[in-house]
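**Student:** Predicted model and sequence follow; I will ask about them next.
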Amino acid sequence: MNAFDNQDFRSAIEQHLSIDPGERTDRQVRQFIEKVGHYKFFHNYSDSQQQQLGQIATFALAKKDDVLFKQDDTPDRLYLVVAGRVSLYKVQGEIKKVTGMAASGDSFGDLSHLDEKHKRSCHAQVLSDDVHLIVFEREDLDLLAHEWRASEEGLKTEFISKSLPVLNSVPREQLFGIASMFERVKVSKDTVIYRQQDDASAIYFIWEGSVQVIKRIDLVKVTKKGGGKGGGLGSMDAGRSEHASIKFERPTGPRGMSKRIQMGYL
């Protein structure tokens, strides 16, 4: 059994979610996030965004065989499983095809913010005797999405205005439009952002953290070619059989034939 899929854990979650969202204190929300923050769902959000999600979360209990939503429904909720299991499946004519299962810590719901044309891609039906769910309503998530997007664009605009002096004279409203063209990405430690000789497809500005710049230099193998007895270069025989030359060859062996030079940190 999952260490978090037990009665004490479920009771703590339900106790928090039983409090009206408008009456939850910051301390109560922090305690809630401390309990569920290990769920993968929350890893994509900042600390402040997690707090906001904890403020709007609600609780639902569903029984075995309950259908939470059907294929082609308009998404109205996103679900996070606290305990129990939910089957996800598609229906094509008379054929039922299981596409996955959601258990403790998994999120499901195909919720695409601000996209009214989006439809559910599958059915969701309870498998276990009951399933304990953390629920996020679409309306609440859409409001947060708008707020986060505006905040993100504002932060990017501020960053661009400070990091690109050439744009200092551009009015802020135009910088806001330029900022929407920038994508903010998070890169894990030791990830190679791009490699030497890759096609240049993007330009990068460091928002936070540091990047090591490394150049690889291929070592050169020198081959001496000469004619005459003894194979020496420039022997005094009459009539050279070939020109004397020094040939520089690119290495064809393992990567050990190159040297990495640290150019610096950015």
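**Tutor:** Received the coordinates, thanks.

**Student:** Which residue is the nearest non-sequential neighbour of Ser121?
**Tutor:** Asp110 (5.3 Å; C-beta to C-beta, 6 or more residues apart in numbering). C-beta coordinates here come from the backbone N, C-alpha and C atoms, glycine included.

**Student:** On the three-state scheme, that neighbour is what?
**Tutor:** With DSSP: H, G, I helix; E, B strand; the rest coil as the basis, the three-state label of Asp110 is coil.

**Student:** Quick check: it touching Pro75?
**Tutor:** Yes: contact between Asp110 and Pro75 holds when scored by C-beta atoms under 8 Å: they sit 5.7 Å apart.

**Student:** Residues in contact with both of the two, list them for me.
**Tutor:** Residues touching both Asp110 and Pro75 (C-beta atoms under 8 Å, 6 or more residues apart in numbering) are His118, Arg120.

**Student:** So the two - more neighbours on which side?
**Tutor:** The neighbour count for Asp110 versus Pro75, taken as other C-beta atoms under 10 Å, is higher for Pro75 (19 against 16).

**Student:** May I see the buried residues of stretch 96-110?
**Tutor:** Neighbour counts over stretch 96-110 (16 or more other C-beta atoms under 10 Å) mark Ala102, Ser104, Gly105, Asp106, Ser107, Phe108, Gly109, Asp110 as buried.

**Student:** Run a quick neighbour tally on Leu165.
**Tutor:** Just to correct that, residue 165 is Pro rather than Leu. 8.

**Student:** Pass me the low-pLDDT residue ranges in the chain, would you?
**Tutor:** Within the chain, the stretches with pLDDT under 70 are 1-5, 112-117, 220-256.

**Student:** Show me what the longest helix anywhere in it is packed up against.
**Tutor:** As assigned by DSSP state H, the longest helix anywhere in the chain is helix 138-163. Packed against helix 138-163, as judged by 3 or more C-beta pairs under 8 Å, 6 or more residues apart in numbering; DSSP states H and E, are the following elements: helix 47-56, strand 77-83, helix 172-179.
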